[in-house]
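Asks: how would this look folded up:
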Amino acid sequence: MIVKRVQHNSRQSERRGFLSMELALVLPIFGIVLFALLEFTLLFYARADVVEASRIGARLASLPGITQENVEQEVLKILPPQLGQGAVIQTEMGEHPGDVVMVAVSIPMKLASPNLLWPIGYDLQGQNLYSETRMIKE
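Replies: Residues are numbered from 1 along each chain as shown. Sure thing, here's the model as predicted:
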């Protein structure tokens, strides 16, 4: 009976060794997938904000009597505060009805999301979220 217990205990410890080895191999990959999911989710939400801000800015710019300062203030009002602090807004205001107006909004990605994936080579440094909307002046 003592022999059987020793064999049984060695099988259990061998199985525990395999489980801990599997965990050691899978856990880093699982962590990278979770970090990627978090980072890309934050970037997609920020991109939606940037697109919406440029769209609303272009709609406002297409109205008669609106100045470039009015458009920039409205775009900054639409953007969340953490994104608005680094926003670069470019506008082309048409002079006459029928002219094309353009509003472009650019925001550094590092303001939208923490740079979680730099260890695997996906770096947000120097990357921007950009949206440009063109409309016809009324």
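Asks: which residues of this structure fall in helices?
Replies: When assigned using DSSP state H, the helices of the chain occupy the ranges 2-61, 68-78, 81-84, 109-112.
Asks: for the last one, which positions count as buried?
Replies: It stands for helix 109-112. 109, 111-112 (16 or more other C-beta atoms under 10 Å). Heads up, the C-betas are built off the backbone N, CA and C, glycines and all.
Asks: got it, and stretch 122-138?
Replies: 124, 128-129, 131, 133, 135, 137.
Asks: For residue 45, state which of these is nearest.
Replies: Taking C-beta to C-beta as the measure, residue 45 sits nearest to residue 129 out of these, at 10.5 Å.
Asks: So the closest one is in contact with residue 53, correct?
Replies: No. If you go by C-beta atoms under 8 Å, residue 129 and residue 53 don't touch, sitting 10.4 Å apart.
Asks: who's in contact with the most centrally placed residue in the chain?
Replies: Averaging the C-alpha coordinates of the chain gives a centre point, and the residue nearest to it by C-alpha atoms, centre = their mean is residue 43 (0.9 Å). With contacts defined as C-beta atoms under 8 Å, 6 or more residues apart in numbering, the neighbours of residue 43 are 109, 112-113, 129.
Asks: which of the residues you listed lies closest to residue 88?
Replies: Distance to residue 88 across the contacts of residue 43 (C-beta to C-beta) is lowest for residue 129, with 10.8 Å.
Asks: Stretch 86-103: how far from the chain's middle?
Replies: The gap between the average C-alpha position of stretch 86-103 and the chain average comes to 25 Å, counting by C-alpha atoms, centre = their mean, to the nearest Å.
Asks: Show the end-to-end separation of that stretch, please.
Replies: Distance between the boundary residues of stretch 86-103 (C-alpha to C-alpha, to the nearest Å) amounts to 16 Å.
Asks: what about residue 85, how many neighbours?
Replies: Using other C-beta atoms under 10 Å, the number of residues around residue 85 comes to 12.
Asks: Roughly how far does it sit from residue 108?
Replies: 10 Å (C-beta to C-beta, to the nearest Å).
Asks: Please apply the same query to residue 102.
Replies: Shown here: residue 102 relative to residue 108, a distance of 21 Å by C-beta to C-beta.
Asks: Quick check: closest non-adjacent residue to residue 102.
Replies: residue 92 (4.2 Å; C-beta to C-beta, 6 or more residues apart in numbering).
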